[in-house]
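**Student:** Requesting a structural model of the entry that follows:
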Amino acid sequence: MTTDYSEYLRVAEQAARLAGAFLRDHFFNCKQVDEALQHDIKLRLDKDCQALIAQHLLAAFPQSMILGEEGNDGCARADFCWIVDPIDGTVNYFYGIPIFCVSIALQHKGKLVLGCVYDPMQQECFSAIAGQRPVLNGQPIAVSTRAQMAEAIAFIGHGTHDGSGEAGIRRFAHISRQVRKIRILGSAALTLCYIAAGRFDAYVEGRICLWDFAAARVILEAAGGVLEFSPHAGDAVRGSILAWNGRIPLREALIMD
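**Tutor:** Next comes the predicted model:
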């Protein structure tokens, strides 16, 4: 019997909007740093925001699990697993750059079945059920029809922040010479949703976590795009991705002499 995920998506969108309003209300406040890493920041608000999301999701679906950037909750080994990133773009948020989002995906028996990504500053809600038409604020979206690298806008992770070092710098330079523009938002989920909506065309990242892209993957693939995830050895939730509109020759463009 096929499961109807529409109620799950409705609750996910509610949770994302509640969390987004919470983040918007605190955007201009002084933010408590729990941990400052060389290329990342962990805020107290990350934990508070995930707790708010988990409370809303588990109230509606108590027999489910939460897998989040800020820890796990709910029923271990449940068939339904919510994958949550409460603030994708935490560094942007901390520095007062209004480019960040709330990301919520649902995995059912190991398969991603829906995704919701909410940008509270632009009040843009991207969502999709796998296999159905994705929407942005209720309006259908699709990837671009651009087929040439010279027409493309791409996000190319590079160097220190994705662990690729000098090879990443060379990859960045190699691709930047082929595309129209490079744009780096600082939010993986929003970048992937921008590909889904036809704003961007490609995203390459050498170090990314499942909660960063799970929701946006559902939206991108429903919009006609492609995402390839390569897990790091011995780690199912961390790896590298290639994502694009399914039309530009991204794999070929990445080949370097």
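
**Student:** From here on, just use CA atoms for contacts and neighbour counts.
**Tutor:** Noted.

**Student:** And the pLDDT for I182?
**Tutor:** pLDDT recorded at I182 is 96.

**Student:** typed the wrong thing, it's Y93
**Tutor:** In this model, Y93 carries a pLDDT of 92.

**Student:** Where do the strands of the stretch 101-250 of the chain begin and end?
**Tutor:** Secondary structure of the stretch 101-250 of the chain (DSSP state E, counting those that start in this stretch): strands at 101-108, 111-119, 124-129, 135-136, 139-140, 153-156, 181-182, 202-209, 226-231, 238-244.

**Student:** nearest to A216, of those?
**Tutor:** strand 111-119 (6.2 Å; Cα to Cα).

**Student:** which residues does C125 bridge with?
**Tutor:** Judged by DSSP bridges, the bridge partners of C125 are Y118.

**Student:** can you pull the contacts of the spatially most central residue of the chain?
**Tutor:** In the chain, the residue lying closest to the centroid (Cα atoms, centre = their mean) is A189, at 2.2 Å. A189 sits next to 88, 101, 103, 117, 212-213, 215-216 when contact means Cα atoms under 8 Å, 6 or more residues apart in numbering.

**Student:** try 10 Å
**Tutor:** 85, 88-89, 100-104, 116-119, 211-217, 219-220 (Cα atoms under 10 Å, 6 or more residues apart in numbering).

**Student:** show me where pLDDT drops low in the stretch 1-150 of the chain?
**Tutor:** Across the stretch 1-150 of the chain, the ranges flagged by pLDDT under 70 are 1, 30-31, 33-42.

**Student:** For it, which segments count as helices?
**Tutor:** With DSSP state H, counting those that start in this stretch, the ranges of helices along the stretch 1-150 of the chain come out as 6-25, 44-60, 90-95.

**Student:** Please name every helix or strand in contact with the last one.
**Tutor:** If contacts are counted by 3 or more Cα pairs under 10 Å, 6 or more residues apart in numbering; DSSP states H and E, helix 90-95 sits against strand 41-43, helix 44-60.

**Student:** Adding distance to Y95, write those out as a markdown table.
**Tutor:** Formatted as a markdown table, those follow (distance: least, Cα to Cα, whole Å):
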| stretch | distance to Y95 |
| --- | --- |
| strand 41-43 | 10 |
| helix 44-60 | 14 |
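
**Student:** count of residues packed around L52?
**Tutor:** Using other Cα atoms under 10 Å, L52 has 16 neighbouring residues.

**Student:** again with C75
**Tutor:** For C75, the neighbour count with other Cα under 10 Å is 15.

**Student:** Would you mind measuring from it to P62?
**Tutor:** 8 Å (Cα to Cα, to the nearest Å).

**Student:** what's the first-to-last distance across stretch 176-185?
**Tutor:** Using Cα to Cα, the end-to-end distance of stretch 176-185 comes to 16 Å.

**Student:** Buried residues in that stretch, which are they?
**Tutor:** By 16 or more other Cα atoms under 10 Å, the buried positions in stretch 176-185 come out as 176, 178-179, 182.

**Student:** got a list of what N29 touches?
**Tutor:** Shown in contact with N29 (Cα under 10 Å, 6+ apart): 94, 96.

**Student:** possible to save the helices of the stretch 1-150 of the chain as JSON lines with distance to Q132?
**Tutor:** Formatted as JSON lines, the helices of the stretch 1-150 of the chain follow (distance: least, Cα to Cα, whole Å):
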{"stretch": "helix 6-25", "distance to Q132": "11"}
{"stretch": "helix 44-60", "distance to Q132": "22"}
{"stretch": "helix 90-95", "distance to Q132": "30"}
